[in-house]
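Engineer: Just a sequence and a predicted model for now, questions to come.
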Amino acid sequence: MSQIPTQSQFSPQAANTVKLSVKGIKKNYGQTTVLQAIDLDVRAGELLTLLGPSGSGKTTLLQIICGLVDPTAGSLFIDGRDETNLPVNQRDIGVVFQNYALFPHLTVKENIAFPLRMRKIAGAEVDKRVAEVLDMVNLGHAADRLPKALSGGQQQRVALARCLVYRPGVILMDEPLGALDRKLRETMQMEIRRIHRETGATIIFVTHDQEEALALSDRICLMNDGFIAQIGTPHEVYEAPANRFSAEFIGLSNIFDGTIADGMLRTNEGTIPAPGLQSGESLLIRPEHVTLTGAAEGFLSGTVSETVYAGAESRLIVTLKSGKTVIVRQPAGADIAPIGTEVGLAWAPSAVRAVR
Amino acid sequence: MAERQIPSARRFKLDPIWLAGPGILYLILLLIVPAAGLMFLSFRDASGNLSFETYRQMFGAGIYVQVLVNTFSIAIQTTIACLLVGYPLAYWLARMPETRRRVVMWLVLLPFWMSALLKNFAWMVLLSRRGVLSQILTGLGMGGPVDLLYGRGVVVFAMAHTMLPLAALTMLPTLLSLDFGLARAAKTLGASGGQAFWRVVFPLSMPGVAAAGLLVFISSLGFFITPALLGSPRETVIGQLLITQVQQLLNWQLAGAIAVMLLVVTLAVCLVYDRAFGISAVSGERGDRNSNGVFARLGRLVIAGLAWATDLLAAVFDKVPGFKRRDWLLTAFCVAVMMMLLVPVLIFVPMAFGSSSFLEFPPRGYSLRWFETYWSSPNWTGATMRSFAIAIVSALLASAISSIAAFGVARSTSRAGNLAFLMFMLPMIIPNIVIAVALFYLFAQIGLVATDAGIALGHTLTALPVVFVIILTTFKSYDWRLDQAAATLGATKTDTIRKVTWPIIKGSVVAAFLFGFLHSFEELTIALFVGGGVRQTLPKQMWDDVLLQVSPTLAAASVIILAVVTIVFVAAERARPR
Ligand SMILES: Nc1ncnc2c1ncn2[C@@H]1O[C@H](COP(=O)(O)OP(=O)(O)O)[C@@H](O)[C@H]1O
Ligand SMILES: [Mg+2]
């Protein structure tokens, strides 16, 4: 592969037609509200991740989209048609389950052929298409094995192939990589990106891992407590978090609260310049934008209380006089200040973001 | 935005627990209503007024009191014997490597499914004056023919032998789920082997031990085969009393009173058990436990004593040369126990092919004459055919009812699921003899006594617990997301059941059917009461013959039963998914 996967705004499939549209979908279980009137448009050919902490309602939303759970209110449009009440097996949707849900009594080939048989597709065509997707997921050699004879990563590929083989309009994946170890997960992320590019499928991908979401998505839909906290490209969500939750959930962040006066933020830690902040907003500065200065020179000063070496970068924790800690990220090669050093903290005004 | 409500028809879903309805109705109509009716009778006199006359009679007559005392003391002795021998056996099985255990388990499961009648008949032949043991003793010149039968000792021995597989198999799940790493951890913390066992392993296995004790005790209360075949009149138990009083004298009041008493005792035992462990431990689930009750404190004291005694014994044994490693002791013990379980029954095979006109071991000569007698007797062949037919019908009925109910219970989120489970376990918790008498009472009123249908309905009832548990286990471990996956892949509900659900659960439904078949094929108590001496099943025919005279035809019949049981058992075990 000559082309390194890049930020997907450039992805050729990301046209602007809406493939799937969630309008005011709400879900209650008894007294508890799990989803609060969600509105979401998914564009044709995009890979959208639903990102959020466990219990934020991602699985519920996914199950409503594929029809396994009925919403309490709201409607679902696919290709402009209202499909809220369409039975699961008639929707043009494919689902990759977290535990893969491979049929244990069927071989890999039979598992993959299952959706084709359900669609009454003829024998020769079935064989051709099964061989095609097996090739796509690099599992040609395992066609006649039973699922239990496969490794976790291979099972994952079968589940993906079973979904790709009938070319559904939308593919839903619920934490599909959750059970894999880190190395394999990263390989599979690349695979999914490649397959997404090759097939042009519309994919909704659920994860609670923000790094995975940043690496994979065309757009991220960040969920919290049944609400959508923010929707945007990974770049937007990281660089311009819409709120405090976004800022804290995605990437590392340092947030300072205080009162605004004369373009300055007055905090317990000291007074810091706050260009463009409105009253009631807090100041966000990402750790990679913080630079260490002499103890007297920065906006704030404190003591290095912890250092973490992570190869490509290192992280310092600086404890301020108030007891608040600030995370600082330094690229590889920078000198690491020893624990106990008095340092000052500074940053470029352009790196400051306002959050509520 | 305008909230659009989803039409209520799509949101309203009946909880699947209702699928247990037919089974529960069956249990109510055939078990609870007649048993309640029977018990009700015991509080009435001949003219239908409230009266305790029956109870006054029962506790007033020395003979009845003696029978009650016999029944309870034999049941308690049997339970203790089963626990003492069954625990080491279960422990040994649990510690075995998985692959070896699968093989060895067959040797415990097969005797479990072998009919109680056969096992007791075997002891009757082996221990009689002309039996093998007597012959060997005579041969060795140790006195004339000895009679080992007809005493309390042999009754308890044979009854424990009959119930031992039940005890071991009930304890096994708890021991299997027990983390033996904990014992190792205890040793790293300074405990001796004995201390680690008594203070860690043993207390954790208590729920299984108690469940085994409960089941053995309840089964023993209504058990009459052993005392009738191997006991003297001094060992007469409630079961035998009921046979004469109900079958021959139709003394319903007394039957009702005995049913009340047995149920009160059973209920009391269950309650004590529930207080200590939570009733769900019968099925291997562990509940929370009160650690400051009287039981718990007493238990800790006993355990401390046992641990101390074990340490002392170990210290003594350590001094004996060549006794440093003692693992083989347990293995030797368990192998001996398993031989005891199997050999007495297998001994019929050579005897049935013998040529002499009475049962002897080793047999002299070889002939098929006893099988020929069997096949040419319309009594025996009729009974065999009837047993097959009844077993097939009741197994089908029980598996159908159980499959539907197990699906409902497994899919239900309602708390009524536990209640439904308990209902299905009732035929196992209520002593068999009470069920048989209650059915007899019901069928006498609706003309089903002495009909094949009556027996089949009764066998369906008593087969329900085991059939239900087997199917429920499968449904509970079934991954319902497979059904969801099938639906998202385009399968309709029927497609999903045909192509996904059924192929996966098929094995265990077939196994449940076969075990239901075995249950009915070997059942005696219900056949005895409901058959009314007219509709003879194979076990009933054997029973009558055994009481009359021990003939080699019986050995031939035993071999045929043994063959059927073994074949069906092997088929069921193979069908059952692992
Ligand atoms: N069948 C259900 N009944 C009641 N509550 C449920 C049910 N399914 C999910 N929930 C609740 O809904 C919330 C969201 O769940 P879920 O959609 O699974 O979150 P996520 O996938 O983001 O972890 C959780 O608090 C969960 O407990
Ligand atoms: Mg989830």
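Structural biologist: Yes, it's here. Ligands and ions are numbered 1, 2, ... in the order given.
Engineer: Give me the nearest residue to the residue in the stretch 351-500 of chain B that ligand 1 sits nearest to, chain neighbours excluded.
Structural biologist: Distances between the stretch 351-500 of chain B and ligand 1 by C-beta to the nearest ligand atom are smallest at B:Thr413, namely 7.9 Å. All C-beta spots, glycine's among them, are computed from the backbone N, C-alpha and C. Using C-beta to C-beta, 6 or more residues apart in numbering or on different chains and skipping the chain neighbours, the partner closest in space to B:Thr413 is B:Asp15 (6.9 Å).
Engineer: Quick one: residues contacting that neighbour.
Structural biologist: B:Ser412, B:Thr413, B:Ser414, B:Ala416 (C-beta atoms under 8 Å, 6 or more residues apart in numbering or on different chains).
Engineer: the helices in the stretch 1-150 of chain B, which residues?
Structural biologist: B:8-11, B:21-27, B:33-41, B:53-60, B:62-95, B:98-113, B:116-127, B:132-139 (DSSP state H, counting those that start in this stretch).
Engineer: Which of those has the highest mean neighbour count?
Structural biologist: Using mean count of other C-beta atoms under 10 Å in any protein chain shown, the stretch among the helices of the stretch 1-150 of chain B with the largest mean neighbour count is helix B:116-127, at a mean of 22.
Engineer: On the three-state scheme, the residue of chain A positioned farthest from its centre is what?
Structural biologist: Each residue of chain A has a distance to the centre, and by C-alpha atoms, centre = their mean the biggest one is for A:Ala296: 40.3 Å. Under DSSP: H, G, I helix; E, B strand; the rest coil, the three-state class of A:Ala296 is coil.
Engineer: gap between it and ligand 1?
Structural biologist: Taking C-beta to the nearest ligand atom, to the nearest Å as the measure, A:Ala296 falls 47 Å from ligand 1.
Engineer: so what's the most centrally placed residue in chain A scoring on pLDDT?
Structural biologist: Geometric centre of chain A, nearest residue: A:Ala213, 2.5 Å, by C-alpha atoms, centre = their mean. Reading off the confidence values, A:Ala213 has pLDDT 93.
Engineer: got the phi/psi numbers for it?
Structural biologist: Per-residue torsions, A:Ala213: phi -60, psi -40 (degrees, to the nearest 10).
Engineer: quick one: low-confidence parts of the stretch 201-350 of chain A?
Structural biologist: For the stretch 201-350 of chain A, no stretch has pLDDT under 70.
Engineer: and with 90 instead?
Structural biologist: Across the stretch 201-350 of chain A, the ranges flagged by pLDDT under 90 are A:201, A:239, A:242, A:251-252, A:257-282, A:291-301, A:307-314, A:321-324, A:330-341, A:348-350.
Engineer: At which residues are the helices of it located?
Structural biologist: With helices called from DSSP H, counting those that start in this stretch, the stretch 201-350 of chain A shows them at A:210-216, A:234-239, A:244-249.
Engineer: Rebuild those as a markdown table, extending it with distance to chain B.
Structural biologist: Output for the helices of the stretch 201-350 of chain A, formatted as a markdown table (distance: least, C-beta to the nearest C-beta, whole Å):
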| stretch | distance to chain B |
| --- | --- |
| helix A:210-216 | 21 |
| helix A:234-239 | 25 |
| helix A:244-249 | 23 |
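Engineer: what would those helices look like in JSON lines with distance to A:Ala143?
Structural biologist: Shown next, in JSON lines, are the helices of the stretch 201-350 of chain A (distance: least, C-beta to C-beta, whole Å):
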{"stretch": "helix A:210-216", "distance to A:Ala143": "28"}
{"stretch": "helix A:234-239", "distance to A:Ala143": "36"}
{"stretch": "helix A:244-249", "distance to A:Ala143": "41"}
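Engineer: Next up, the contacts around residue 79.
Structural biologist: This is for chain A. A:Asp79 neighbours (C-beta under 8 Å, 6+ apart): A:Lys19, A:Leu20, A:Gly169.
Engineer: my bad, the chain I had in mind was chain B
Structural biologist: For B:Thr79, the contacting residues are B:Gly213, B:Val216, B:Phe217, B:Ser220, by C-beta under 8 Å, 6+ apart.
Engineer: related to what we said a few turns ago, let me know the distance separating the residue of the stretch 351-500 of chain B closest to ligand 1 from chain A.
Structural biologist: 11 Å (C-beta to the nearest C-beta, to the nearest Å).
Engineer: just B:Ser220 next, same as before
Structural biologist: 42 Å.
Engineer: Near that residue, how many other residues are there?
Structural biologist: 26 (other C-beta atoms under 10 Å in any protein chain shown).
Engineer: same deal with B:Leu548?
Structural biologist: With other C-beta under 10 Å as criterion, B:Leu548 counts 9.
Engineer: Equivalent analysis for B:Thr226, please.
Structural biologist: 30.
Engineer: Export the helix or strand hosting it to PDB, keeping only CA atoms.
Structural biologist: Using DSSP states H and E, B:Thr226 falls within helix B:225-230. Included here for helix B:225-230 are C-alpha records, laid out as PDB according to Å, rounded to 0.1, in the frame of the first residue of the first chain:
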ATOM      1  CA  ILE B 225     -38.200 -51.600  47.400                       C
ATOM      2  CA  THR B 226     -35.200 -52.400  49.600                       C
ATOM      3  CA  PRO B 227     -37.100 -53.000  52.800                       C
ATOM      4  CA  ALA B 228     -39.600 -55.200  51.000                       C
ATOM      5  CA  LEU B 229     -37.000 -57.300  49.200                       C
ATOM      6  CA  LEU B 230     -34.100 -57.400  51.800                       C
END
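Engineer: What is the subsequent helix or strand relative to it?
Structural biologist: Past helix B:225-230, the next helix or strand by DSSP H and E is helix B:238-242.
Engineer: ok now that next one, how far from the chain's centre?
Structural biologist: Taking C-alpha atoms, centre = their mean, to the nearest Å, the mean C-alpha location of helix B:238-242 is offset from the chain mean by 19 Å.
Engineer: try stretch B:48-60
Structural biologist: 33 Å.
Engineer: can you tell me the average pLDDT over it?
Structural biologist: For stretch B:48-60, mean pLDDT is 76.
Engineer: following the helix or strand B:Met385 falls within, which helix or strand comes up?
Structural biologist: Using DSSP H and E, B:Met385 sits within helix B:378-411. Downstream of helix B:378-411, the next assigned helix or strand under DSSP H and E is helix B:416-429.
Engineer: Give the buried residues for that next one.
Structural biologist: Within helix B:416-429, the residues that count as buried by 16 or more other C-beta atoms under 10 Å in any protein chain shown are B:Ala416, B:Gly417, B:Ala420, B:Phe421, B:Met423, B:Phe424, B:Met425, B:Leu426, B:Pro427, B:Met428, B:Ile429.
Engineer: helices or strands next to that helix in the packing?
Structural biologist: helix B:21-27, helix B:378-411, helix B:452-477 (3 or more C-beta pairs under 8 Å, 6 or more residues apart in numbering or on different chains; DSSP states H and E).
Engineer: Out of the ones you listed, flag the one nearest chain A.
Structural biologist: helix B:452-477 (11.4 Å; C-beta to the nearest C-beta).
Engineer: Check which helices and strands that closest one sits against.
Structural biologist: The contact analysis (3+ C-beta pairs under 8 Å, 6+ apart) places helix B:452-477 against helix B:21-27, helix B:378-411, helix B:416-429, helix B:432-446, helix B:502-522, helix B:525-530.
Engineer: Distance to B:Leu140 added to the ones you listed, as JSON lines?
Structural biologist: Putting these into JSON lines (distance: least, C-beta to C-beta, whole Å) gives the following:
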{"stretch": "helix B:21-27", "distance to B:Leu140": "55"}
{"stretch": "helix B:378-411", "distance to B:Leu140": "38"}
{"stretch": "helix B:416-429", "distance to B:Leu140": "45"}
{"stretch": "helix B:432-446", "distance to B:Leu140": "41"}
{"stretch": "helix B:502-522", "distance to B:Leu140": "37"}
{"stretch": "helix B:525-530", "distance to B:Leu140": "40"}
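Engineer: show me what contacts whichever residue of the stretch 251-356 of chain A sits closest to chain B?
Structural biologist: As assessed by C-beta to the nearest C-beta, chain B sits closest to A:Arg356 within the stretch 251-356 of chain A, at 23.5 Å. Contacts for A:Arg356 (C-beta under 8 Å, 6+ apart) come out as A:Asn243, A:Arg244, A:Gly280, A:Glu281, A:Ser282.
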